[in-house]
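**Student:** compute the structure for the input listed below.
(2 chains)
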Amino acid sequence: MEIPKANNLWVPYATLVLAILLSTFGLPGWAAYAAPEWVALVVIYWVLAIPYRFGILFAFLVGVVMDVHGGKPLGMQGVAMAFVAFTALALHQRIRIYPPVQQAGMILLIIGAYLVIKQALRALFGAGFAPGGLYLLPALSSALLWPLIYLTLRGLRIRYRVK
Amino acid sequence: MSTSLFQERRVYGKRFLWILLLAGALLLADWRFAQLEYVRQGVSATLAPIRLVASIPSSIADWASRSVASRASLIEENAQLRAQLFVLERRSQQMISLEIENRRLRQLLNATEVLEDRFISAELIGVDPDPFTHHVILNRGTRDNVYVGQPVIDANGLVGQVIEVDPFTSRVLLIGDANHAVPVQVNRNGVRTTVTGTGDLTELSLMFVPETADIQEGDLLVTSGLGGRFPMGYPVAEVSRVERIPGAQFSEVRARPLAELDRTRHVLLVDTQNNNRNRRGDTQGE
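**Tutor:** Take a look at the predicted model:
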């Protein structure tokens, strides 16, 4: 595949910083359990849109930064994030032609698997306590948010001609 | 042509495996060796602006509520604070003489001197959004001589301890976190025990309390100073429920933390390292 010349690559990074910022805001009470996985969603979008630039290593590094940000063992979220990028890459040709609502179904599955991996590693390293299946809630909220995020980021990508 | 379309997938799988190996090595290194702490500090320092920006909305709300407070409510608050100050001043009047008396008696008993702790005030600038852990972020870092393991208190009692520092901010593990434990003693009679978090910020649990231990509802638990991490004598919690289960080896004891773990904004960092340094200096001088 011929790779086009890089253009406006700061846009994806800016959206990532924004996503990290959004994930830093705590939600009150029970809503905290359903906080969407902003960063994972943004990573998925850029991997789907520009797979020749944003891949597994990129996602892994973003995960490590999130680990530092959240005070977790380094690489814990990195592994989960790399898995997200791997599934998105492996399926990107299929997901790209789906309408946003059908994409949301795939997002539900990917984020769900991501949360299971995160939870397993969390249990392994003793980093936090989770009662029951509550930890899967963010998959639902992330899937619901996906069409909005997809359309926003796509608008940005087309407007700034990110390649 | 159709084979080349899906050839990439195998490449992705190989790449993913490499990354998994890399991540495993990183996790192992982070777990076993301290050197990665510098990497963490560096990345954390670059993320500090994000934390500061994230704290802006709450500081704006704070500032707004302060600047639009009515004159009447300010006067009322002022009067309340004055009354409180009066009570506290009365209590501290005899403090100096009592302190000297205490020191003299300790000398008579040949006990080691208890030194006064130093404090740095700090403000809470963020709460970890992860609902399964209880971490908060303070606006003090290595620049202000904050160190890992430093105890944190508020006006009412023990809040937690510092678990991570970067130059500008520090991360505090609250005593309500399920991963936290603190050695305490009952203020009434000196019975030693350990208080652990439950994951619920309004309830703590006492570990391994024998059936026969003299612990009652309403007992004040203070830090015992054992373990060397927390200085002695800071209030931690009040026993709220004692349940003796027939046949069980230990009784189930619950306590309510005294510090306002979910509300407090201003905290104090207790400088115990400085004390140790002074103490060493004292003994050398003798």
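
**Student:** from here on, just use CA atoms for contacts and neighbour counts.
**Tutor:** Fine.

**Student:** residue B:123: neighbour count?
**Tutor:** 14 (other Cα atoms under 10 Å in any protein chain shown).

**Student:** residue of the stretch 1-150 of chain B nearest chain A, please.
**Tutor:** residue B:129 (4.4 Å; Cα to the nearest Cα).

**Student:** what residues does chain B put near chain A?
**Tutor:** Within chain B, the positions near chain A by Cα under 8 Å from any Cα of the partner chain are B:9, B:12-13, B:15-16, B:19-20, B:23-24, B:26-27, B:30-31, B:40, B:43-44, B:47, B:50-51, B:53-54, B:127-133, B:164, B:171, B:177-179, B:199.

**Student:** need the buried ones from those selected in ChimeraX.
**Tutor:** In ChimeraX syntax, the buried subset of these is picked out as below (16 or more other Cα atoms under 10 Å in any protein chain shown):
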select /B:12,13,15,16,19,20,23,24,26,27,30,40,43,44,47,50,51,54,127,128,129,130,131,132,133,164,171,177,178,179,199
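
**Student:** so what's residue B:231 up against?
**Tutor:** B:223-225, B:272 (Cα atoms under 8 Å, 6 or more residues apart in numbering or on different chains).

**Student:** of these, which is the most crowded?
**Tutor:** When neighbours are taken as other Cα under 10 Å, the top entry among these is residue B:223 (26 neighbours).

**Student:** mind listing the strands for chain B?
**Tutor:** Counting by DSSP state E, chain B has strands at residues B:118-127, B:135-138, B:151-153, B:158-165, B:170-174, B:181-186, B:192-197, B:204-210, B:220-223, B:235-243, B:250-257, B:266-271.

**Student:** can you list the weak-confidence ranges in the stretch 1-150 of chain B?
**Tutor:** The stretch 1-150 of chain B contains residues with pLDDT under 70 at B:1-9, B:113-115.

**Student:** one more time with 50
**Tutor:** Residues of the stretch 1-150 of chain B that meet the criterion pLDDT under 50 lie in B:1-2.

**Student:** all helices of it, in order?
**Tutor:** Secondary structure of the stretch 1-150 of chain B by DSSP state H, counting those that start in this stretch: the helices cover B:2-6, B:8-32, B:36-54, B:56-67, B:71-93, B:95-108.

**Student:** with chain A instead?
**Tutor:** Taking DSSP state H, the helices of chain A run over residues A:10-24, A:38-49, A:56-70, A:76-95, A:100-125, A:137-160.

**Student:** need the ones you listed in a markdown table with mean pLDDT and mean neighbour count, can you?
**Tutor:** Listed next are the helices of chain A as a markdown table, based on pLDDT from 0 to 100; neighbours: other Cα atoms under 10 Å in any protein chain shown:
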| stretch | mean pLDDT | mean neighbour count |
| --- | --- | --- |
| helix A:10-24 | 92 | 17 |
| helix A:38-49 | 95 | 24 |
| helix A:56-70 | 92 | 22 |
| helix A:76-95 | 92 | 24 |
| helix A:100-125 | 91 | 18 |
| helix A:137-160 | 93 | 17 |
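
**Student:** in TSV: those helices, plus distance to chain B.
**Tutor:** Output for the helices of chain A, formatted as TSV (distance: least, Cα to the nearest Cα, whole Å):
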stretch	distance to chain B
helix A:10-24	6
helix A:38-49	12
helix A:56-70	6
helix A:76-95	5
helix A:100-125	9
helix A:137-160	11
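
**Student:** any chance of these in JSON lines, with distance to residue B:107 too?
**Tutor:** Formatted as JSON lines, these follow (distance: least, Cα to Cα, whole Å):
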{"stretch": "helix A:10-24", "distance to residue B:107": "52"}
{"stretch": "helix A:38-49", "distance to residue B:107": "60"}
{"stretch": "helix A:56-70", "distance to residue B:107": "48"}
{"stretch": "helix A:76-95", "distance to residue B:107": "53"}
{"stretch": "helix A:100-125", "distance to residue B:107": "47"}
{"stretch": "helix A:137-160", "distance to residue B:107": "61"}
